[in-house]
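Asker: No sequence on hand, only this structure:
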């Protein structure tokens, strides 16, 4: 197996609530995997389980051929980093960008933080003038770039992206998506990207899984998705909904509760 | 569709005085609203929400509104007293906000909130008000109106909450409904279902709808006419059906930078802003 991430039979619970049901995902090195679904489908929970934010889970998660157990060690976080949805909530409001970026370097004892901060900012297309600002002095798109820089500063091989652009304007979304595509290419990164937006995932990912109620209901490649070749009625419904408002289409919707 | 306008706005400008100096949020917006669905589209900070709020007299106290005209039937909205505003707001012009979580009262049952809205404008007894409220919940396609009537806002889903908001805003039978990003917090399918409900109600009641959103694609598939705003200006007005013939580079740029489902992973075209777009 040369998969970078190999998840099999993943189940997770929030108290008595069974939120992930037999999820299997395999992502090759330098691959990009997309998880699509509506709120409560469990798509973010997959990422949160991998990164160690969910306690109650069963199954096998292999990252870089190493099986994950109870707690993640530091080496894991050098390998895999997560970028969260809300750039307003994920940056410390009273830390400067410099301090936000230096902290992970110090935790991992990498040293040479000055040069690393400059390089990370450079990688996400922010110049040095941003270094000593506070998050509130930045726009949403700039903040999300800082969040990506914070993940990149540890030189990870894997980025777990949880709706990285859904809080941004479409023009800014395009810039951040382009940045992510370029970084994957230049740095040989592996992505798992979660989004509610089929078009974003179709644009960014090679393989896509559609989730509903904690289960993967359908898998498709980007090409299949582009041609609308979806079998499961739920994924067809999502596909149609992505096309915009059409009275007749709305009437055909079924609730998947 | 476009007979005599219900609302006529000419050269609307809104300036906020802030510690860092005046901010011109809206700079000379004009439009006529008939019994139609008008979309206002723009990015954050384009002034689209402030335009909507000004029509309802909800501009924050540090904002100053000037306009050559803001005529709603025979009422001049420019200099209404707070007392006169209360007769218009809710009863004749109403608004649906973005997130039902923050716009519903968390410690009051849904039924009581709808009844409160109704009795504010209609003199009816409690029994009649309840009957109307249940009827209204049915009309926004809530399957179990009795249960929702007695529920608190946290006990219903986001889509349900937004339907409740629509019910509450429509129960006084307004002539103009302003919907400010009414579906942005919802899942795509729920979003479309809520829009279908709005669509039906607006048609049946012959209301005018102002739909404010950042999503150009969605708005154009829903509205009759779209105003595209950029930095407080309307840069383009276009019939929704002719969106593909948009002329302004900003409108085109907004459309182009959307990722498309064509299996193509190439770079997305990025919007290059030109200073001239922001010149009045």
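Answerer: Perfect, thanks for sending it. As the structure is a prediction and not an experimental result, all values here were calculated from the model.
Asker: buried stuff in the helix or strand bottoming out on mean pLDDT in chain B?
Answerer: Across the helices and strands of chain B, mean confidence by mean pLDDT, DSSP states H and E is lowest for helix B:100-103: a mean of 82. Within helix B:100-103, the residues that count as buried by 16 or more other CB atoms under 10 Å in any protein chain shown are B:100, B:103. Just so you know, the C-beta spots here come from the backbone N, C-alpha and C atoms, and that holds for glycine as well.
Asker: which SSE is the residue nearest the centre of chain A in?
Answerer: Chain A has residue A:161 as the residue nearest its centroid, 1.4 Å off, counting by CA atoms, centre = their mean. For residue A:161, the element it lies in under DSSP states H and E is strand A:158-162.
Asker: that older thread, kindly state the beta-bridge partners for the residue nearest to the centre of chain A.
Answerer: Beta-bridge partners recorded for residue A:161 (DSSP bridges): residue A:83, residue A:193.
Asker: and the stretch 101-250 of chain A, which residues reach chain B?
Answerer: A:140, A:169-171, A:173-175, A:177-178, A:181, A:196-200, A:202-204, A:222-223, A:225-227, A:237-238, A:241-247, A:249-250 (CB under 8 Å from any CB of the partner chain).
Asker: I'd like to know which of those residues are buried.
Answerer: Here, 16+ other CB under 10 Å leaves A:140, A:169-171, A:173-175, A:177-178, A:181, A:196-200, A:202-204, A:222, A:225-226, A:237-238, A:241-245, A:249-250 buried among those.
Asker: Please tell me how far the strand holding residue A:161 is from the chain's geometric centre.
Answerer: Taking CA atoms, centre = their mean, to the nearest Å, one finds strand A:158-162 lying 4 Å from the centre of the chain it belongs to.
Asker: Give the rounded mean pLDDT of that strand.
Answerer: For strand A:158-162, the mean per-residue pLDDT is 95.
Asker: do stretch B:251-258 as well
Answerer: pLDDT averaged over stretch B:251-258 gives 90.
Asker: Same check on stretch A:101-110?
Answerer: Stretch A:101-110 comes out at a mean pLDDT of 94.
Asker: Would you check that residue B:142 makes contact with residue B:162?
Answerer: No - Residue B:142 is beyond contact range of residue B:162, at 11.1 Å (criterion: CB atoms under 8 Å).
Asker: which of those two has more neighbours?
Answerer: Ranked by neighbour count (other CB atoms under 10 Å in any protein chain shown), residue B:142 and residue B:162 place residue B:162 first, with 31 against 21.
Asker: separation between the closest residue in space to that one that isn't next to it in sequence and residue A:234?
Answerer: Spatial nearest neighbour of residue B:162, chain neighbours left out: residue B:100 (4.8 Å); criterion: CB to CB, 6 or more residues apart in numbering or on different chains. The spacing between residue B:100 and residue A:234, counted by CB to CB, to the nearest Å, is 25 Å.
Asker: ok, residue B:194 touching residue B:181?
Answerer: No - look at residue B:194 against residue B:181 with CB under 8 Å: they stay out of range, at 11.7 Å.
Asker: More neighbours: which of those two?
Answerer: residue B:194 (25 against 18).
Asker: how about the host helix or strand of the more buried one, does it reach chain A?
Answerer: Using DSSP H and E, residue B:194 falls within helix B:188-205. Yes - using CB under 8 Å from any CB, helix B:188-205 comes into contact with chain A via B:188, B:189, B:190, B:191, B:192, B:193, B:195, B:196, B:199.
Asker: for that helix, which positions count as buried?
Answerer: Neighbour-count burial for helix B:188-205 [16+ other CB under 10 Å]: B:188-199, B:201-202.
Asker: Could you point out which residue ranges in chain A have low pLDDT?
Answerer: By pLDDT under 70, the low-scoring segments of chain A are A:1, A:256-257.
Asker: where do the strands sit along it?
Answerer: A:3-14, A:17-28, A:32-36, A:57-63, A:66-67, A:80-83, A:158-162, A:190-195, A:207-212, A:215-221 (DSSP state E).
Asker: Please name every helix or strand in contact with the fourth one.
Answerer: Contacting strand A:57-63 under the criterion 3 or more CB pairs under 8 Å, 6 or more residues apart in numbering or on different chains; DSSP states H and E are the following elements: strand A:3-14, strand A:17-28, helix A:43-50.
Asker: could you give the angle of it to strand A:17-28?
Answerer: 20 degrees (axes from the mean of the first three to the mean of the last three CA atoms, to 10 degrees).
Asker: Direction included, what does strand A:57-63 pair up with?
Answerer: Counting by DSSP bridges, strand A:57-63 is paired with strand A:3-14 (antiparallel), strand A:66-67 (antiparallel).
Asker: do the same with the second one
Answerer: Strand A:17-28 has the following strand partners under DSSP bridges: strand A:3-14 (antiparallel).
Asker: got the contact list for the strand it pairs with?
Answerer: Here strand A:3-14 makes contact (CB atoms under 8 Å, 6 or more residues apart in numbering or on different chains) with A:18-31, A:33, A:42, A:45-46, A:49-50, A:54, A:56-64, A:157-158, A:190, A:192, A:214.
Asker: Narrow those residues to those that are buried.
Answerer: Counted by 16+ other CB under 10 Å, those give A:19-20, A:23, A:25, A:27-28, A:31, A:33, A:42, A:45-46, A:49-50, A:54, A:57, A:59, A:61-64, A:157-158, A:190, A:192, A:214 as buried.
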